[in-house]
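# here are the coordinates; sequence isn't available:
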């Protein structure tokens, strides 16, 4: 590969994002680098890729650094800026599907200069992706028809055909077979690692000419003078914990686009702002969420059953808590195992992480895991609201796609195909709108809304719209199971009513004195593990000397409001040991609230479940957070 040149500003940002080394020689700001060069540059691998080539983002002059005695507001410094046709935030299935489809349309029309840029906050594509995952390949086949063809040398090879489905209702020691609902028939589907699929999709996008920027964390929406979205900006680097600039300070970058597509995944930070600013929920119900906690194990060969798909409900969760477990056998002796807990659970003593560790000791799971090795851990929130909770998806200058908008089919336990299809529909609407636009004014993607309503996404979610809210009936778990069975086999979504969700997840939390305290058994270190051991398996890393991205305006006030009523609910709902109440005699309540932001796996649970809604999850520096493997 020939040497390439990049501006110093890009090299500095790449270094600060902790990217991996590359063996290819390069010329960066006049410095020749080879695999044998022992210098800081040897740990640098540029993130900006266009069909295998490297491209400079901007030729703007280097930002001025502050002198030691300088007093200045970093936000007043001019940002470096780049102009593109479409900017996509989020390198998940929706964002990558949108990017690929846009470049397909542009290249087919001979418009190879059409610029599609994708920003991903993780250091590499896939690093922040967590999913089951049994994929329904319909959208993938439509986007890339030869994705799994033996004749395609670049096919996605990491697939395990789903062969057998099992559904079980668990008591403490038993597993009672349940009939498999039609929605959970996985014939023709594949067990995969979504982490691996996303990396593969990124390669296909690069081949088409998509510009992919891993390690660039979009943290701010940019608006024009009319209040329409004109792009995004990445966060500043080199800012100390107290908010002051360090010697390494680097102003964030601005990316101006004719259309901005937000595919941040569940409860995205920019999407939250957009939904509020444009009141996109004016015609929909509030969103409701679940927390998925997952491990990947390598099991003994005699216990491995390739293509086996197992789902469970019941134990260990109490009857007033929605959720269920899974176990998928894929690859070579690998098992994906996890538990999803609906975040509208009422008992503040409940810990989803603790429930998952308990679940693994049930005979259904333990017999498979015994003698095996846990190799990966991850946690992420997911959308559960379904049809009733879909907001308006287009806004002036852009649109919401994928799980950001809420297209997960919960009864089917699948969302990758709907996420990808929404990205493809948004891409088609975007390209048509840009080609038909003759002025430089704001683009409105009205056609995207129409395409959604006439798509299989809409009909699929409408058909199962009442299953999740049916668990809010006075009959609870058993009533929900009964109604869901009637819905699946008889009503099939044709009923004239639409049930409403219960309280928002944070408001569903009862006070500690109203609920039974739950004591979790000590982990045995073989099947169950303490939370910090699990976090270590996630590869999570954050620079300590930066502003805490889990924003609580007043930690003492938070303690005064939350501790007397909920007795440390934050410590229990977090699957990464981020929040603690530490004994402190100097404090009025005898405890001090503490945030260990370095542990954060970016699951967003705190932003959703905190009863007083005073925790805001903000984007940390690009390239940080978990580095998931096989998730």
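Arrived safely. None of these values were measured; they are calculated from a predicted model.
# Roughly how far does the closest residue in space to residue 511 that isn't next to it in sequence sit from residue 286?
Using C-beta to C-beta, 6 or more residues apart in numbering and skipping residues adjacent in sequence, the residue nearest residue 511 is residue 565, 4.7 Å away. C-beta coordinates here come from the backbone N, C-alpha and C atoms, glycine included. In this structure, residue 565 and residue 286 are 22 Å apart, going by C-beta to C-beta, to the nearest Å.
# next one: residue 147
Distance from residue 147 to residue 286, by C-beta to C-beta: 36 Å.
# just to revisit the earlier point, could you tell me how far the helix or strand encompassing the residue nearest to residue 511 lies from the centre of the chain?
In this structure, residue 565 sits in helix 555-566 according to DSSP states H and E. Taking C-alpha atoms, centre = their mean, to the nearest Å, one finds helix 555-566 lying 29 Å from the centre of the chain it belongs to.
# same deal with stretch 591-606?
On C-alpha atoms, centre = their mean, the centre of stretch 591-606 falls 17 Å from that of its chain.
# So which bits of that stretch are buried?
For stretch 591-606, burial by neighbour count (16 or more other C-beta atoms under 10 Å) applies to 591-593, 595-606.
# Let me know the closest of the residues you listed to residue 126.
Closest approach between these and residue 126, by C-beta to C-beta: residue 602, at 13.4 Å.
# That closest one touches residue 627, doesn't it?
No: using C-beta atoms under 8 Å, residue 602 is not in contact with residue 627, being 11.3 Å away.
# For the stretch 301-450 of the chain, just list every one of the helices.
352-359, 363-369, 416-436, 446-453 (DSSP state H, counting those that start in this stretch).
# between those helices, which one is nearest to residue 305?
helix 363-369 (8.7 Å).
# can you pull the buried residues of that closest one?
In helix 363-369, counting by 16+ other C-beta under 10 Å, buried: 364-365, 368-369.
# And the residue nearest the centre of the chain?
residue 265 (4.3 Å; C-alpha atoms, centre = their mean).
# what's the spacing between that residue and residue 552?
Taking C-beta to C-beta, one finds residue 265 at 23 Å from residue 552.
# again, but for residue 426
35 Å.
# Between the two, which has more neighbouring residues?
Neighbours were counted for residue 426 and for residue 552 using other C-beta atoms under 10 Å; residue 426 has more, 35 against 21.
# Any stretches of the stretch 401-550 of the chain with poor pLDDT?
438-439, 475 (pLDDT under 70).
# Pop out the phi and psi values for the closest residue in space to residue 517 that isn't next to it in sequence.
Spatial nearest neighbour of residue 517, excluding adjacent residues (C-beta to C-beta, 6+ apart): residue 349 at 4.9 Å. The phi/psi pair for residue 349 (degrees, to the nearest 10) reads phi -80, psi -10.
# so what's residue 349 up against?
Residue 349 is in contact with 512, 515-518, 567, 572, counting by C-beta atoms under 8 Å, 6 or more residues apart in numbering.
# tell me which element residue 459 falls in.
Per DSSP H and E: helix 456-463 holds residue 459.
# Tell me which other helices or strands that helix touches.
helix 416-436 (3 or more C-beta pairs under 8 Å, 6 or more residues apart in numbering; DSSP states H and E).
# And the helix it packs on, what does it pack against?
strand 80-89, helix 93-108, helix 138-143, strand 253-262, strand 398-400, helix 446-453, helix 456-463.
# For the stretch 101-250 of the chain, which segments are assigned as strands?
116-120, 134-135, 160-161, 164-170, 175-177, 190-191, 211-214, 218-223, 229-234, 237-239, 245-250 (DSSP state E, counting those that start in this stretch).
# can you list the ones you listed in JSON lines and add mean pLDDT and mean neighbour count?
Shown next, in JSON lines, are those (pLDDT from 0 to 100; neighbours: other C-beta atoms under 10 Å):
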{"stretch": "strand 116-120", "mean pLDDT": "98", "mean neighbour count": "27"}
{"stretch": "strand 134-135", "mean pLDDT": "96", "mean neighbour count": "24"}
{"stretch": "strand 160-161", "mean pLDDT": "97", "mean neighbour count": "16"}
{"stretch": "strand 164-170", "mean pLDDT": "96", "mean neighbour count": "17"}
{"stretch": "strand 175-177", "mean pLDDT": "96", "mean neighbour count": "13"}
{"stretch": "strand 190-191", "mean pLDDT": "98", "mean neighbour count": "24"}
{"stretch": "strand 211-214", "mean pLDDT": "97", "mean neighbour count": "26"}
{"stretch": "strand 218-223", "mean pLDDT": "96", "mean neighbour count": "21"}
{"stretch": "strand 229-234", "mean pLDDT": "96", "mean neighbour count": "24"}
{"stretch": "strand 237-239", "mean pLDDT": "89", "mean neighbour count": "21"}
{"stretch": "strand 245-250", "mean pLDDT": "88", "mean neighbour count": "17"}
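# Tell me which of these sits nearest to residue 318.
Nearest of the strands of the stretch 101-250 of the chain (C-beta to C-beta): strand 164-170, 12.6 Å.
# Partner strands of that closest one, with direction?
According to DSSP bridges, strand 164-170 forms sheet pairs with strand 175-177 (antiparallel), strand 308-314 (parallel).
# so which of these comes closest to residue 421?
Of these, nearest to residue 421 by C-beta to C-beta is strand 308-314, at 22.2 Å.
# how far does the closest one sit from the chain's center?
The answer for strand 308-314 is 23 Å, by C-alpha atoms, centre = their mean.
# Name the residues that touch that strand?
Contacts for strand 308-314 (C-beta under 8 Å, 6+ apart): 134, 162-171, 175, 178, 184, 186, 191, 323-329, 359, 364, 413, 477, 481.
# at 7 Å instead, please
134, 162-171, 184, 186, 191, 324-329, 364 (C-beta atoms under 7 Å, 6 or more residues apart in numbering).
# re the thing from before, and the next helix or strand past the helix holding residue 459?
Assignment by DSSP H and E places the next element after helix 456-463 at helix 476-486.
# tilt between that next one and strand 164-170?
Going by axes from the mean of the first three to the mean of the last three C-alpha atoms, to 10 degrees, helix 476-486 is angled at 150 degrees with respect to strand 164-170.
# Helix or strand next in line after helix 476-486, which one?
Next along from helix 476-486, by DSSP H and E: helix 531-537.
# Could you look up the SS state of residue 273?
helix (DSSP: H, G, I helix; E, B strand; the rest coil).
# can you pull up the bridge partners for residue 89?
residue 119, residue 262.
# How many neighbouring residues does it have?
Count around residue 89 with other C-beta under 10 Å applied: 30.
# can you tell me which residues contact it?
119, 218, 232, 262-264, 270.
# repeat that with 10 Å
By C-beta atoms under 10 Å, 6 or more residues apart in numbering, the contact set of residue 89 is 95, 117-121, 216-219, 221, 231-232, 255, 260-264, 268-271, 398, 401, 404.
# per-residue confidence at it?
The per-residue pLDDT reported for residue 89 equals 98.
# how far away is it from residue 262?
For residue 89 relative to residue 262 (C-beta to C-beta), the value is 5 Å.
# what sits in contact with each of the two?
95, 218, 221, 232, 268-271, 398, 401, 404.
# Of those residues, which is the nearest to residue 499?
Once C-beta to C-beta is applied, the member of the shared contacts of residue 89 and residue 262 that ends up nearest residue 499 is residue 404, at 24.0 Å.
# Can you get me a residue count around the closest one?
Using other C-beta under 10 Å as the criterion, the residues surrounding residue 404 number 31.
# Hmm, it is touching residue 267, no?
Yes: under the criterion of C-beta atoms under 10 Å, residue 404 makes contact with residue 267 at 8.3 Å.
# Now for those two: what residues contact both?
residue 383.
# Now for the closest residue to residue 227 other than its chain neighbours, how many residues are close by?
Setting aside the residues directly before and after it, residue 227 is nearest to residue 396 in space (C-beta to C-beta, 6+ apart), at 7.0 Å. Using other C-beta under 10 Å, residue 396 has 19 neighbouring residues.
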